[in-house]
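Colleague: Structure for this input, please:
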Amino acid sequence: LLSGELPNGLRYRILPNAVPKKRFEAHLEICSGSCHELEDQAGIAHLTEHVAYMGSPKRQQISGTGSRTNAYTDFHHTVF
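Modeller: Got it, this is the predicted structure:
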(Lines give C-alpha, C1' and ligand atoms only; values in the text may rest on other atoms or scores of the structure.)
Protein backbone atom coordinates (compact mmCIF):
# COMPACT_ATOMS: atom_id res chain seq x y z
CA LEU A 1 0.00 0.00 0.00
CA LEU A 2 1.27 3.41 -0.98
CA SER A 3 -0.61 6.58 -0.08
CA GLY A 4 0.03 10.29 -0.32
CA GLU A 5 -1.36 13.68 -1.12
CA LEU A 6 -0.85 15.76 -4.25
CA PRO A 7 -0.05 19.49 -4.03
CA ASN A 8 -3.70 20.26 -4.90
CA GLY A 9 -4.91 18.33 -1.83
CA LEU A 10 -6.05 15.19 -3.67
CA ARG A 11 -5.28 12.18 -1.48
CA TYR A 12 -4.50 8.85 -3.13
CA ARG A 13 -3.83 5.20 -2.34
CA ILE A 14 -2.11 2.68 -4.59
CA LEU A 15 -2.92 -0.95 -3.88
CA PRO A 16 -1.21 -4.02 -5.34
CA ASN A 17 -2.94 -5.74 -8.26
CA ALA A 18 -1.40 -9.13 -9.06
CA VAL A 19 -4.23 -10.54 -11.19
CA PRO A 20 -4.62 -10.05 -14.05
CA LYS A 21 -0.99 -9.34 -14.86
CA LYS A 22 -0.07 -6.16 -16.74
CA ARG A 23 -3.43 -4.56 -15.85
CA PHE A 24 -4.43 -1.93 -13.36
CA GLU A 25 -7.61 -0.69 -11.80
CA ALA A 26 -8.33 2.93 -10.98
CA HIS A 27 -11.11 4.39 -8.84
CA LEU A 28 -11.86 8.00 -8.06
CA GLU A 29 -13.99 8.05 -4.91
CA ILE A 30 -15.71 11.23 -3.81
CA CYS A 31 -17.02 11.04 -0.25
CA SER A 32 -20.35 12.61 -1.11
CA GLY A 33 -23.51 10.85 -2.14
CA SER A 34 -27.27 11.01 -1.96
CA CYS A 35 -27.36 11.41 1.85
CA HIS A 36 -25.67 14.81 1.44
CA GLU A 37 -28.47 16.17 -0.74
CA LEU A 38 -31.15 18.48 0.59
CA GLU A 39 -34.76 17.49 -0.04
CA ASP A 40 -35.06 19.77 -3.07
CA GLN A 41 -31.81 18.33 -4.49
CA ALA A 42 -32.93 14.68 -4.56
CA GLY A 43 -31.09 12.88 -7.37
CA ILE A 44 -28.50 15.59 -8.06
CA ALA A 45 -25.55 13.41 -6.99
CA HIS A 46 -26.58 10.70 -9.42
CA LEU A 47 -27.25 13.23 -12.19
CA THR A 48 -23.83 14.82 -11.61
CA GLU A 49 -22.20 11.38 -11.80
CA HIS A 50 -23.84 10.74 -15.20
CA VAL A 51 -22.98 14.16 -16.60
CA ALA A 52 -19.35 13.97 -15.44
CA TYR A 53 -18.80 10.34 -16.41
CA MET A 54 -20.91 9.67 -19.47
CA GLY A 55 -20.26 13.10 -20.97
CA SER A 56 -16.47 12.89 -20.76
CA PRO A 57 -14.72 12.84 -24.16
CA LYS A 58 -11.76 11.09 -22.48
CA ARG A 59 -14.03 8.17 -21.60
CA GLN A 60 -14.82 7.76 -25.28
CA GLN A 61 -11.10 7.54 -26.13
CA ILE A 62 -10.66 4.31 -24.16
CA SER A 63 -13.70 2.66 -25.68
CA GLY A 64 -12.64 -0.31 -27.79
CA THR A 65 -9.32 -0.83 -25.97
CA GLY A 66 -10.55 -3.90 -24.08
CA SER A 67 -11.06 -1.89 -20.91
CA ARG A 68 -14.19 -1.76 -18.80
CA THR A 69 -15.49 1.41 -17.20
CA ASN A 70 -18.21 2.14 -14.71
CA ALA A 71 -19.41 4.72 -12.22
CA TYR A 72 -21.96 4.70 -9.41
CA THR A 73 -23.48 6.81 -6.69
CA ASP A 74 -24.59 5.41 -3.36
CA PHE A 75 -25.71 6.90 -0.06
CA HIS A 76 -22.24 8.16 0.97
CA HIS A 77 -20.03 8.02 -2.16
CA THR A 78 -19.77 8.82 -5.84
CA VAL A 79 -17.23 6.59 -7.57
CA PHE A 80 -15.78 6.79 -11.07
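Colleague: what element comes up after the helix or strand of the chain with the lowest mean pLDDT heading to the C-terminus?
Modeller: Taking mean pLDDT, DSSP states H and E as the measure, helix 57-62 is the helix or strand of the chain with the lowest mean score, a mean of 71. Using DSSP states H and E, the helix or strand that follows helix 57-62 in sequence is strand 72-73.
Colleague: mind listing the helices for the protein?
Modeller: 44-54, 57-62 (DSSP state H).
Colleague: Point out the most buried one among those helices.
Modeller: helix 44-54 (a mean of 15; mean count of other C-beta atoms under 10 Å). From N, CA and C alone the C-beta is placed, and that goes for glycine too.
Colleague: Report pLDDT for the closest residue to Ala71 other than its chain neighbours.
Modeller: Spatial nearest neighbour of Ala71, chain neighbours left out: Tyr53 (4.1 Å); criterion: C-beta to C-beta, 6 or more residues apart in numbering. Reading off the confidence values, Tyr53 has pLDDT 76.
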